[in-house]
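Engineer: I'd like to go over a predicted model; first the sequence, then the structure.
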Amino acid sequence: MQISKFSAQKTLAILWFINSGVLILLFVAFTAFDRFDGKPAKGWEWITQNIFPTLTLMISAFTISAGQQQSDLTVDRFYFRLAFGVSLFYLGILYLTIFLAPLAFSYSNLSILDLFAQSNIYLALLQGVVTGSIGLFFAKK
């Protein structure tokens, strides 16, 4: 079964931009309340490296395809669902990592920045999968 490529792009972009906005607002609050122990640049470095590559890919693709005919291009619905599901999983892992910070501090005296540094191990792997699956909709013609 096929789905419009433009519709798939819009749906994925909405998912990513809304969640990125929420995460950025969360980090603004963390910065205001000094949750980064006086090192806000380290916290912002973590969030930007985890969301901005995908957002940049989407914005670039939209910019390149602006004004072009989009209605006749289709993609397999399976690949769209896969990219959407992988994106949801990845964004969920980002939220989980952020919200586990108080527990990590309580049980192992791990600061939020230390937790973020450790999470890069699994997030780097997941980000590759996410970028690859989303690239199918945004980079491939």
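Structural biologist: Arrived safely, thanks for sending.
Engineer: Return the distance of the lowest-mean-pLDDT helix or strand in the chain from the chain's centre.
Structural biologist: Taking mean pLDDT, DSSP states H and E as the measure, the helices and strands of the chain show their lowest mean at strand 74-76, namely a mean of 87. Averaged C-alpha coordinates place strand 74-76 at 23 Å from its chain's average position (C-alpha atoms, centre = their mean, to the nearest Å).
Engineer: Could you check how far the residue most central in space within the chain is from G43?
Structural biologist: The geometric centre of the chain, computed from its C-alpha atoms, lies nearest to I51 (C-alpha atoms, centre = their mean), at 4.0 Å. Taking C-beta to C-beta, to the nearest Å as the measure, I51 falls 13 Å from G43. C-betas here are computed from N, CA, C, even on glycine.
Engineer: in this structure, which segments are predicted with low confidence?
Structural biologist: Using pLDDT under 70 as the threshold, the predicted model of the chain has low-confidence ranges 67-71, 140-141.
Engineer: mind listing the strands for it?
Structural biologist: Under the criterion DSSP state E, the chain contains strands at 2-4, 74-76.
Engineer: In CSV, list these along with distance to V22 and mean neighbour count.
Structural biologist: Converted to CSV, the strands of the chain look like this (distance: least, C-beta to C-beta, whole Å; neighbours: other C-beta atoms under 10 Å):
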stretch, distance to V22, mean neighbour count
strand 2-4, 26, 15
strand 74-76, 27, 15
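Engineer: So for I134, which of those strands sits nearest?
Structural biologist: strand 74-76 (11.8 Å; C-beta to C-beta).
Engineer: Note down every partner strand of that closest one and its orientation.
Structural biologist: strand 2-4 (antiparallel) (DSSP bridges).
Engineer: what separates the strand it pairs with from the chain centre, distance-wise?
Structural biologist: Centroid separation between strand 2-4 and its chain, computed with C-alpha atoms, centre = their mean, is 23 Å.
Engineer: what does stretch 58-66 give?
Structural biologist: 17 Å.
Engineer: for it, which positions count as buried?
Structural biologist: Of all the residues in stretch 58-66, those buried under the rule 16 or more other C-beta atoms under 10 Å are M58, A61, S65.
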